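Asks: predicted model and sequence below, questions to follow.
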Amino acid sequence: MNLMMLLEMATDGFGDRVAVQNGADRFTYAELFAAAGAAADTVAASGASRLAVLDVNSLAVPLGLFTAAWAGIPFVPLNYRLTGTELDALLGSIAPAYLVTDVERSATLAGAVQTVVAREAFLQNGRAAKTRAPEWSMDADAIAILLFTSGTTGAPKAAVLRQKHLVSYIFGSVEFGGAAEEDAALVSVPPYHIAGMAAILSSVYSGRRVVQLTSFDAETWVATARAERVTHAFVVPTMLTRIVDVLVRDGVTLPHLRALSYGGGKMPQPVIERAMDLMPETAFTNAYGLTETSSTITVLGPDDHRAAAASDHAGVRRRIVSVGRALPSIELEVRDEEGRACAVGVSGEIHVRGEQVSGEYLGLASRMTNDGWFPTRDAGALDPEGYLFLEGRIDDVIVRGGENLSPGEIEEVLLAHPSVADCAVVGVADVQWGEAVAAVVVLHVGRAAEADELREWVKARLRSSRAPGRVEFREELPYNETGKLLRRKLRDELARSA
Amino acid sequence: MAQLKAGARLKSAVCATEVIVIAAPAAGADVQCGGAAMLVAGEQAPAGVALDEAATAGTTLGKRYVSPAGDLELLCTKPGKGSLAVGGAPLVLKEAKPLPSSD
């Protein structure tokens, strides 16, 4: 298997359609295919063993992805926000590499890896191409993408996604040519995020035009969605919060947006409810996945959203904060510390199995079990109908006096308080209990709440052991640029100020 | 019967059809296209083999085809004139059950 199969099928099926556009710059499927073939020759001739792209969202990203597949070497999308020693360390770890980057960086990074090429030269080389014979390795075990994870908990690691994982993900979740001719997907997540990679692959296979946003900004996102008649988009929660603010402030609508999917972090319930109110014609999908699972493994689909919003039943209503059910191609189990399946409603570690699951990091031992299950290190619980409720990373679980407390459960309760706009619950060292519960709370503008009031609020809804002993108020919480809460940073700050 | 594994690719001996195996029975399967046994990579069509006029419903790019028992599923990566069968029984077009777009 090879990702080039997907682009070849798209080229055979609808080669004249626009595959991807960035402003006025664009590639049809046939042009992208031809360019990948030409670039693959150039990259192969350079002797590089990886193709890295250090860039904002540009046409070099999809071209780099398919060029690497054609050349039979890993594609490495790098975080363009990295600088100095962090970047040097990553570049050192992927040598010998063929690096595509913007003009400014191509000058400063010359010599850092084997070959450094400016984005425009890379695109130009491809555009000048004649179509060459479609020949590439079909080694399903070859590495397609090396993705350095965001590293909210330490040094960056490179997740290994092989051809078989990504091709299986697309075959298992996308209908070939399923998009209508006018469909367009707005891609604003950065290329070094698994959702950015998955968006390209899903769109190519379904025949949906990708409209790239160079980098996310809510005003530009809304303006582009309107101007390009965008029908589909994926956003992380922090993006949706800002998009909703712009829609309300400017009084504009998104009349063409049929489907909005979100994931990559916990979506605050008030934000999704507000978005559904503002966009009654839009179908919402919550997608849960990890880099190591080639993107999505569970979805809360549009029907689930509507059913939850319309239901009188508390158990059904609550599903609006779930991540839905496993894809048909994925097996999912919640297991306790002894590895036994948990009963319905009981928290444990989420395990998944399926063709798209890699569970592998470069140079590290695989975490997969012998029978192919991947322990995600995410905590969660299933409801009677298989809806999954996430409770945060296992490593974030607070152990207070021998009792395991889930930050997610306490955060959900705090967020339901009318004055609370955002919050994070973390464990802090405690002489008496080992760990104690601390809550960092952001209040809505113009609303007030005292620490005691929030403690009582939690105590009244959960057991008293869950009530935060320490409550701090802040203007905002620390998130990375793709919306992941930086818990480690919060824990460190709280420890210092204790 | 020929061993078949998910991910394997087969090519028609008598038309342009190419497929990839999505699911296959553990016991293997003898897959035909256009009335002739399909070939694996590098295999040459036997001399004199020709398209069976009774098996020319054709294949469509990107469509999935399943056996009557449901244990064999093929995805068409190149369309052609021949139609697909397993052990002589025609495969049927699998109706798409689209998932919500998640990325």
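Replies: Now that the structure is in, tell me what you want to look at. Numbers count the residues shown, from 1 in each chain, chains lettered A, B, ... in the order given.

Asks: quick check: mean pLDDT of the helix or strand A:Leu65 falls within?
Replies: Using DSSP states H and E, A:Leu65 falls within helix A:60-71. Taken as a whole, helix A:60-71 has an average pLDDT of 98.

Asks: tell me which other helices or strands that helix touches.
Replies: Packed against helix A:60-71, as judged by 3 or more CB pairs under 8 Å, 6 or more residues apart in numbering or on different chains; DSSP states H and E, are the following elements: helix A:4-14, helix A:29-46, strand A:50-54, strand A:75-78, helix A:119-127, strand A:143-148, helix A:194-206. Quick note: C-beta positions are derived from backbone N, CA and C, even for glycine.

Asks: mind running it again at 7 Å?
Replies: Helix A:60-71 is packed against helix A:4-14, helix A:29-46, strand A:50-54, strand A:75-78, helix A:119-127, helix A:194-206, with contacts defined by 3 or more CB pairs under 7 Å, 6 or more residues apart in numbering or on different chains; DSSP states H and E.

Asks: would you mark the buried spots in stretch A:10-18?
Replies: Buried positions in stretch A:10-18, judged by neighbour count with 16 or more other CB atoms under 10 Å in any protein chain shown: A:Ala10, A:Thr11, A:Asp12, A:Gly13, A:Phe14, A:Gly15, A:Arg17, A:Val18.

Asks: again, but for stretch A:338-347
Replies: Per 16+ other CB under 10 Å, stretch A:338-347 contains these buried residues: A:Cys342, A:Ser347.

Asks: picking up where we left off before, the buried residues of stretch A:10-18: which two are farthest apart?
Replies: A:Asp12 and A:Val18 (16.4 Å; CB to CB).

Asks: and stretch B:54-72, how far apart are its ends?
Replies: 22 Å (CA to CA, to the nearest Å).

Asks: A:Arg162 reaches A:Asp139, doesn't it?
Replies: No: using CB atoms under 7 Å, A:Arg162 makes no contact with A:Asp139, being 8.9 Å away.

Asks: out of the two, which sits in the busier spot?
Replies: A:Arg162 (20 against 13; other CB atoms under 10 Å in any protein chain shown).

Asks: A:Val61 versus that one, what's the distance?
Replies: Distance of A:Arg162 to A:Val61, given as CB to CB, to the nearest Å: 20 Å.

Asks: next, count neighbours for A:Leu454.
Replies: For A:Leu454, using other CB under 10 Å, the count is 23.

Asks: does chain B have contacts with the helix or strand harbouring A:Val248?
Replies: Per DSSP H and E, A:Val248 falls inside helix A:237-250. No: legend: contact between helix A:237-250 and chain B by CB under 7 Å from any CB of the partner chain is lacking; minimum distance shown is 13.7 Å.

Asks: with just CA atoms, put that helix into CSV.
Replies: Provided in CSV are the C-alpha atoms of helix A:237-250 (Å, rounded to 0.1, in the frame of the first residue of the first chain):
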residue,chain,number,x,y,z
PRO,A,237,-12.0,23.9,20.5
THR,A,238,-10.1,27.2,21.0
MET,A,239,-10.6,28.0,17.3
LEU,A,240,-14.4,27.4,17.6
THR,A,241,-14.6,29.7,20.6
ARG,A,242,-13.0,32.5,18.6
ILE,A,243,-15.1,31.8,15.5
VAL,A,244,-18.3,32.0,17.5
ASP,A,245,-17.2,35.3,19.0
VAL,A,246,-16.6,36.7,15.5
LEU,A,247,-19.9,35.5,14.2
VAL,A,248,-21.7,37.1,17.1
ARG,A,249,-19.7,40.3,17.0
ASP,A,250,-20.1,40.8,13.2
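
Asks: how about chain A: which residue is closest to chain B?
Replies: Nearest to chain B in chain A, going by CB to the nearest CB, is A:Phe176, at a distance of 2.7 Å.

Asks: my read is that residue is in a strand, agree?
Replies: No: counting by DSSP: H, G, I helix; E, B strand; the rest coil, one finds A:Phe176 to be coil, located in no strand.
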